[in-house]
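Novice: model this:
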Amino acid sequence: MKGITSMSVKDVVTSLVDDGLVDTEKIGTSVYFWAFPSKASQARKRKLEMAEEKSVKMAKRLEELEKEVAAAEKGREETAERQELMERLKEEKDKRDKMLVRLKDFAENDPIVLEQMVRETGEAVEAVNRWTDNIFSIQGWIKKKFPSVDQASFSKQFGIPEDLDYLE
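Specialist: Model prediction:
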């Protein structure tokens, strides 16, 4: 059996309805599809009008921006005074950058920062010792609960170093 299958017709009609090229209406138990040539031309006209309106708006915006650019350039003619001010501005920016670098160097040796680092180091040592104590507690519990487990193989299996000890 050759020809067009009903499923392919249904798919094509559905895609045309989705694209807005064909209209559909359910009347009773039947579904009717139709398309008027004038509807397509009206849609194209509407699209053309919107594009023309957008073009006019963009032309006006371009004209406004060109006027703004011209107004902004009025005070920026290359003069000796302006050149001198631009050089001074560059020098001041360089000076500011050097000061910021110097300030950063001072911040590294700031007593408040050093004190905070000492405090954080103490907290870190305390946390390491707490975890070391937890590991030793678990090893002790395992040794009591399972006396047949070898301590060295247990440590190796869980990646616990043999020289694990508390930090001072």
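
Novice: and Trp31, backbone torsions?
Specialist: To be clear, residue 31 is Val; Trp isn't right here. Per-residue torsions, Val31: phi -120, psi 120 (degrees, to the nearest 10).

Novice: neighbours around it, how many?
Specialist: Using other Cβ atoms under 10 Å, Val31 is surrounded by 10 other residues. Any C-beta I mention is one placed from the backbone N, CA and C, and that applies to glycine too.

Novice: can you pull the contacts of it?
Specialist: Applying Cβ atoms under 8 Å, 6 or more residues apart in numbering, we find Val31 in contact with Thr24, Glu25.

Novice: who's it bridged to?
Specialist: For Val31, the beta-bridge partners are Lys26 (DSSP bridges).

Novice: where's it relative to Leu21, distance?
Specialist: 16 Å (Cβ to Cβ, to the nearest Å).

Novice: list the buried residues in the longest helix along the chain.
Specialist: The longest helix of the chain (DSSP state H) is helix 37-74. Neighbour-count burial for helix 37-74, counted by 16 or more other Cβ atoms under 10 Å, picks out no residue.

Novice: run the chain-centre distance for it.
Specialist: 33 Å (Cα atoms, centre = their mean, to the nearest Å).

Novice: quick check: what element follows it along the chain?
Specialist: In the C-terminal direction, the helix or strand that comes right after helix 37-74 (DSSP states H and E) is helix 80-108.
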